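*Asks:* here is a sequence together with a model predicted from it:
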Amino acid sequence: MPTIIQRKKLKEPTNLHEVLESTRSYYNAISRDYVTFYNNWTKAEDIFSNVNYKKGYDKVANILTNTVTPKENIVDIGCGVGVWSTLLAQKGAYVTSLDYVLNPLQKCKERARAFKVESQICTILADGFHLPFQKQTFDGATVNWVLSHIPVSKNESFFKEVSRVVKEKGWLFISDSYWRGQQGGKEQVQVRGTDCGNQDVYKYYYEPKELQDLITRVFGTIEHLETTDYELICVARKDGIVI
């Protein structure tokens with residue numbers, strides 16, 4: 001788990017760009033730690049020795065693997081170190097793993113090789129706000145532990161871009177932490193420690209109804225929405241309107 005040293009308010013809009021660049025630097029610096037984090041999930045160690053915390057990730061994995069169909073083309077936006085991409089590939093999907101940070105993307109490639117699914121995973125360094133694909137390219141899209149780092153002021157433009165590249169009747173899968181009254185407020189800047197020094201990380205915690213309204217407005221019909229002790233899980237189906 002990240003070491004949160006301090007939580008503070010965002011001084012919008014003066015330092016938003018600076019905070020987002022710091023968020024990118026944080027994930028570039030911490031990629032090896034996230035490999036360890038997800039390995040601990042498999043072994044039920046460290047924070048995953050908390051039964052309810054592990055159950056939340058298990059639930060995300062279960063719903064995701066029941067959402068995807070073999071041979072579907074999926075884009076994993078903000079793929080990080082590749083845990084969800086490899087899980088999708090193991091279910092028979094072809095995955096385009098996309099991230100805007102290089103080091104996690106390299107870890108994703110390594111994981112794909114280790115799990116022998118490299119032929120089903122293509123990695124791309126790109127920004128989720130400007131996806132380098134034609135309209136209606138993918139059968140589905142995943143946004144796992146990414147949503148809370150997207151500025152709430154820009155969330156509609158982000159999901160409209162996701163919708164653009166998903167086929168009619170295609171699906172969207174979202175998982176993330178959610179608003180449970182955390183210290184620091186719904187929108188905050190977390191000061192997190194790394195081996196390279198402290199970094200500011202943007203964070204916004206959605207309420208379930210808030211996310212439901214957003215996705216219904218800009219993507220399509222909600223098919224599944226639930227919370228665990230720590231996670232919010234949403235599955236939506238794109239309506240017939242092509243953006």
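*Replies:* Here it is on my side, so go on.
*Asks:* I'd assumed Ile222 was in contact with Asp239.
*Replies:* No: between Asp239 and Ile222 there is no contact under C-beta atoms under 8 Å: 11.1 Å. For glycine as for every other residue, the C-beta is placed from the backbone atoms N, C-alpha and C.
*Asks:* more crowded one of these two?
*Replies:* Set side by side, Asp239 and Ile222 show more neighbours around Ile222, with 16 against 13, by other C-beta atoms under 10 Å.
*Asks:* so how far is stretch 218-234 from its chain's centroid?
*Replies:* 13 Å (C-alpha atoms, centre = their mean, to the nearest Å).
*Asks:* can I get it in CSV, CA atoms only?
*Replies:* Extracted in CSV, the C-alpha atoms of stretch 218-234 (Å, rounded to 0.1, in the frame of the first residue of the first chain):
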residue,chain,number,x,y,z
VAL,A,218,-21.7,9.8,-21.0
PHE,A,219,-21.4,6.1,-21.7
GLY,A,220,-24.5,4.0,-21.4
THR,A,221,-26.6,1.7,-19.2
ILE,A,222,-25.4,0.5,-15.8
GLU,A,223,-25.6,-3.3,-15.7
HIS,A,224,-23.9,-3.9,-12.3
LEU,A,225,-23.0,-1.5,-9.5
GLU,A,226,-21.8,-2.6,-6.0
THR,A,227,-19.5,-1.7,-3.2
THR,A,228,-17.3,-3.9,-1.1
ASP,A,229,-15.7,-2.7,2.2
TYR,A,230,-13.1,-0.8,0.1
GLU,A,231,-13.9,-1.0,-3.6
LEU,A,232,-16.6,0.3,-6.0
ILE,A,233,-17.3,-1.9,-9.0
CYS,A,234,-19.3,-0.8,-12.0
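*Asks:* avg pLDDT for it?
*Replies:* Mean pLDDT, stretch 218-234: 97.
*Asks:* in it, what's buried?
*Replies:* Within stretch 218-234, the residues that count as buried by 16 or more other C-beta atoms under 10 Å are Val218, Phe219, Gly220, Ile222, Leu225, Thr227, Thr228, Tyr230, Glu231, Leu232, Ile233, Cys234.
*Asks:* okay, buried residues for the lengthiest helix in the chain please.
*Replies:* The single longest helix within the chain, with elements called by DSSP state H, is helix 51-67. Buried residues in helix 51-67, counted by 16+ other C-beta under 10 Å: Tyr53, Lys54, Gly56, Tyr57, Lys59, Val60, Ile63, Leu64, Thr67.
*Asks:* ok, residues contacting it?
*Replies:* Contacts to helix 51-67, defined as C-beta atoms under 8 Å, 6 or more residues apart in numbering, come from residues 41, 44, 47-48, 84, 87-88, 91, 140, 142, 144, 171, 173, 175, 224, 226, 228-231, 233, 235.
*Asks:* apply 6 Å and report the result again.
*Replies:* For helix 51-67, contacts defined as C-beta atoms under 6 Å, 6 or more residues apart in numbering pick out 41, 44, 47-48, 91, 173, 175, 228-231, 233, 235.
*Asks:* run the chain-centre distance for that helix.
*Replies:* 14 Å.
*Asks:* next structured bit after that helix?
*Replies:* Going down the chain from helix 51-67, the next helix or strand is strand 73-77, by DSSP states H and E.
*Asks:* now do the buried residues in that next one.
*Replies:* Applying 16+ other C-beta under 10 Å to strand 73-77 flags Ile74, Val75, Asp76, Ile77 as buried.
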